[in-house]
Each structure stands twice: as C-alpha cells, then as structure tokens.
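Novice: generate coordinates for the sequence data below:
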Amino acid sequence: MPQARYEEVHCKTALTRVQGMAFGWSLNPYRGCTHGCHYCFARSTHFYYDLDADEEFSSIIFVKKNIAEVLRLELSSPRWRRQRVVIGTATDPYQPIEGKYRLTRAVLAACLDFRTPVSIITKSSLVVRDIDLLTELALRLGCTVNFSITTLDRALWRQLEPGTAPPLQRLRSLQKLAAAGVHAGVLLAPIIPGLTATKENLEEVARAAAAHNACFLAANVLNLGVGVKEHFLGFLRDEYPWLLGTYGQLFPGRYAPRIYTEPIYDYVNLLQQRYTLNQRELSHSPKPNPKQLSLGLF
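Specialist: As a prediction, the model looks like this:
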C-alpha cells in the first residue's frame, strides 16, 4: 500500500442526517481510510473530492480538524433531541492517525457532555484507549461498539483488509470493553460470496465472538455500489479471477438477490441461537429477480 498523505480540513457540519437506515445520524472524523479494505462500501465517498475509489481512498486521508468544536455547537442546539449518533459509517474512526489527532476521543467527550448516546463501528484495537469514556457513556446514556470481522483466516484477512488489526486482536479488545460494561459485539460484515460465505467461516467467527463474550452478533452480505464494484472486481481479477463470472450473475446491480442472501441470514440466526448470542434484526437486500440462482457459494 502507498504511504498515506493527510490533509487537514475544516468542516462546516459534524452530524449527517441519515435516511432509510435504522439510525438517524452519523459522524465521521476522517474521510478515506488507510485500512484499505477492498470491499469497503465507503470507497465511493472520495468521488466528492474528485479522487478515485482505489489507492487514493486509502492513501489520501482528510482530517476534519475542527469536528469536535462543530459537534459541540450542534449538540448544544435546543433542537437537538439527543438521538443516537453512529460514528464510523464511512471511515474507521480509530484508524492509526487517530492516535495523533484524537478526534474520535474529542467527539466522544462532546457526546458525553451533551448526553448523546453513541454507536461505533471499527476494525481497530485503538478503541480500547477510550475505555474510560466508553464506559461512562454506556453507564449513563448508551454506548455500543461494533467490531467488524469478516474472517479469522489470517491469509484471507491480509488479502481483504491489508491495513487492519488482526481479527483475534479485535476480539480481545471486544472482550475488554464488554468486561467494562460496554455493549460490544461482532458485525459479521460484509459476508463475501465465494470467499467468506461458507458455513465453516461463519461458524468460526460466531464461535470466537461467543468465546470473547460478545454481546451480539449481526451480519450483512456484501454490496457493491458505484466505484466499489469496479475496485472489488479489479481485486478479484488479480487474486480470484475464477470468481468473476459468478459475480457477474450475483451482482447485476448493487445487491445480491434475496434468494442468495436469505439462507445466509437464516444460518446466522441459527448461529446466534447456538452460541447464545442475542438476536438482531438483519437488514435484507431488495427483492430479487425471481430467476433461480444456483451458484454453489453457500
């Protein structure tokens, strides 16, 4: 991976209103991510800066240096209803540069001061640094930390997520947070057809989540939006060219059809019961083309 370049920017707003999701507000202290996950749905966000969804997404990182100050102004508004804010929907808030800028920590402190519950999505063990704030948020307001884990296979992990912390390291971080009273669990996301969408892989992650005292297990199957699809298919062309034909059938659009995804979600539900992980509503894809698919991936 190329060496990252960081550009400090000043944001006008911190909170983003979200439509059509289970949550109403999101926040991202950075834009772009050095984790370089090849499947990352947020790659297309670099288009807004006239940058590409390939190497530039993981090597040109925008740092919203004033985000905590802007957030405090927004949370102090009498119109703010203290709704849950999800941190890390388009970039990992604990990617390595957070160790220097500490923007995510400042954001958490603002949410605590203004009585705003939070959820965090991360692949990083750096989140444990903020266990003091996370514990207080959990006790007083509500705090969920979602650790994204796709596989425990080290070779596959290094291919798919070259800049991330090892999966077992994330699980150990989860265990520390859960022991401190933080609602921490595993997002088995994305589940990647042909690579991680096997019963063996899904059960291995679920078993490890339970062994590390995860509070929940949730899942979602890969989706390939504009820019992301081109990048991911390029990755497959280099590493798994025999999957290209399958992906052409499975992803004529952004989402795989329900006829493929529903058996996967059903199996995840079974794993939740088997390992006594709580049930969560899983987001399903749009209605499929009724044509039967038989791709032998699951």
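
Novice: where do the strands sit along this structure?
Specialist: In the chain, the strands defined using DSSP state E lie at 5-9, 16-17, 25-27, 30-31, 60-64, 85-87, 118-122, 143-148, 183-191, 217-221.

Novice: ok, which of the ones you listed comes nearest residue 173?
Specialist: Judged by CB to CB, the one of the strands of the chain that comes nearest to residue 173 is strand 143-148, at 7.1 Å. C-beta here means a position set from N, CA and C on the backbone, and glycine is covered the same way.

Novice: any idea how far the closest residue to residue 190 other than its chain neighbours is from residue 20?
Specialist: The spatial neighbour of residue 190 that comes closest, neighbours along the chain excluded (CB to CB, 6 or more residues apart in numbering), is residue 222 at 4.0 Å. As judged by CB to CB, to the nearest Å, residue 222 and residue 20 stand 19 Å apart.

Novice: quick one: low-confidence ranges for this protein?
Specialist: Scanning the chain with the threshold set as pLDDT under 70 gives 1-2, 46-50, 52-53, 279-298.

Novice: quick one, what contacts the closest residue to residue 83 other than its chain neighbours?
Specialist: Nearest non-adjacent residue to residue 83, counting by CB to CB, 6+ apart: residue 24, 5.2 Å away. Residues near residue 24 by CB atoms under 8 Å, 6 or more residues apart in numbering: 17, 18, 83, 84.

Novice: swap in residue 156?
Specialist: Here residue 156 is in contact with 195, 196 (criterion: CB under 8 Å, 6+ apart).

Novice: mean neighbour count and distance to residue 105 for the strands of the chain - can I get that in TSV?
Specialist: TSV is the format used below for those (neighbours: other CB atoms under 10 Å; distance: least, CB to CB, whole Å):
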stretch	mean neighbour count	distance to residue 105
strand 5-9	12	17
strand 16-17	11	20
strand 25-27	21	13
strand 30-31	24	13
strand 60-64	20	14
strand 85-87	24	11
strand 118-122	23	11
strand 143-148	24	13
strand 183-191	23	17
strand 217-221	23	25
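
Novice: hang on, isn't residue 190 packed against residue 223?
Specialist: Yes - in this structure, residue 190 is within contact of residue 223 by CB atoms under 8 Å, at 7.2 Å.

Novice: give the residues shared as contacts by these two.
Specialist: Shared contacts of residue 190 and residue 223, defined by CB under 8 Å, 6+ apart, are found at residue 41.

Novice: walking through this structure, point out its helices one by one.
Specialist: Shown for the chain, the helices assigned by DSSP state H span residues 55-59, 67-75, 98-101, 103-113, 131-140, 154-160, 167-179, 199-211, 228-239, 244-250, 258-274.

Novice: who wins for proximity to residue 12 among the ones you listed?
Specialist: Across the helices of the chain, closest to residue 12 is helix 67-75 (CB to CB), at 7.3 Å.

Novice: may I see the buried residues of the closest one?
Specialist: Residues of helix 67-75 classed as buried: 67, 68, 70, 71, 72, 74, 75 (neighbour count, 16 or more other CB atoms under 10 Å).

Novice: beta partners for residue 221?
Specialist: residue 191 (DSSP bridges).

Novice: need the contact list for it.
Specialist: Residue 221 neighbours (CB under 8 Å, 6+ apart): 190, 191, 193, 197, 255, 256, 260, 261, 264, 265, 285.

Novice: give me the more crowded residue out of residue 222 and residue 20.
Specialist: Between residue 222 and residue 20, counted using other CB atoms under 10 Å, the more crowded position is residue 222 (25 against 4).
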